[in-house]
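# Kindly return the folded structure for what I paste below:
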Amino acid sequence: MEQFDNIDDYIADLKGKLQKNPQCGNTHYNLGVAYLSRRDFMEAEREFLEAVANSPKMAEAYVQLGGIAMQRGDLEGCLNYNIQASKERPFFAVPWGNIGFIYLQQGEVDKAHKALKKALKLDHDFIQAQATMTSYHITIGDYEEADKLLKQILDKVPNFGPAWNNKAIVDAHFEEWEDAKKCIAKAEEFGFDVEEAFKKEVESH
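Predicted coordinates for the structure are as follows:
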């Protein structure tokens, strides 16, 4: 990739390329990613839609569109885009991980488990899907299994906030309140928003 001093130059360069070749799905995709880095979600969405209009098999663009839908709180839209991505590229782990995450949010526990197993079969080291799998174990009340997996995740990626949050939930379940408190602090240190009610529960012990 050419070096640009700032994102605006990069965006201008991509727009120039699109004037010469407006049907290039890849350039639309790159422009979408550039807009995302500026948190310009509307422009990003427009470019990702152009990307899939010109390159209908571009699974990554569907995943990005799903992320934008999620940003808006549109779980159904996010799910549909990721399902579309999984159809275009069945062996791409990311949409399966996202599908599992959304199903879990929607209370579709069995569907979530199936999608997460698929994601981890395709990419054994997919941390996001592993963390969602620990949420699945917590949801079904299998705290031992969740704990085991969380220790593996945090060994590999000690700065992963969602895993610290889940570890806090597991520790609280086993009434290890001091440990839970430490895990909450870690989760927040790494940018995860821990639920207030849960924090108060742990504090009260």
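# Please make it C-alpha for all contacts and neighbour counts, starting now.
Noted.
# low-confidence ranges in this protein?
1-4 (pLDDT under 70).
# For residue 47, which residues are in contact?
Residue 47 is in contact with 28-29, 31-32, counting by C-alpha atoms under 8 Å, 6 or more residues apart in numbering.
# swap the cut-off to 10 Å and go again
Residues near residue 47 by C-alpha atoms under 10 Å, 6 or more residues apart in numbering: 25, 27-35, 41, 53, 61, 65.
# Mind telling me what element it is part of?
If you go by DSSP states H and E, residue 47 is part of helix 41-54.
# Sort out which residues of that helix are buried, please.
41, 43-52, 54 (16 or more other C-alpha atoms under 10 Å).
# Also stretch 156-167?
159-167.
# Out of these, flag the one nearest to residue 176.
For these, the closest approach to residue 176 (C-alpha to C-alpha) belongs to residue 167, at 10.7 Å.
# Quick check: the gap between the closest one and residue 50.
Going from residue 167 to residue 50 by C-alpha to C-alpha, to the nearest Å gives 41 Å.
# same for whatever helix or strand comes next after the helix holding residue 47, what does it pack against?
Using DSSP H and E, the helix or strand that directly follows helix 41-54 along the chain is helix 59-71. Counting contacts by 3 or more C-alpha pairs under 10 Å, 6 or more residues apart in numbering; DSSP states H and E, helix 59-71 is packed against helix 25-37, helix 41-54, helix 75-88, helix 93-105.
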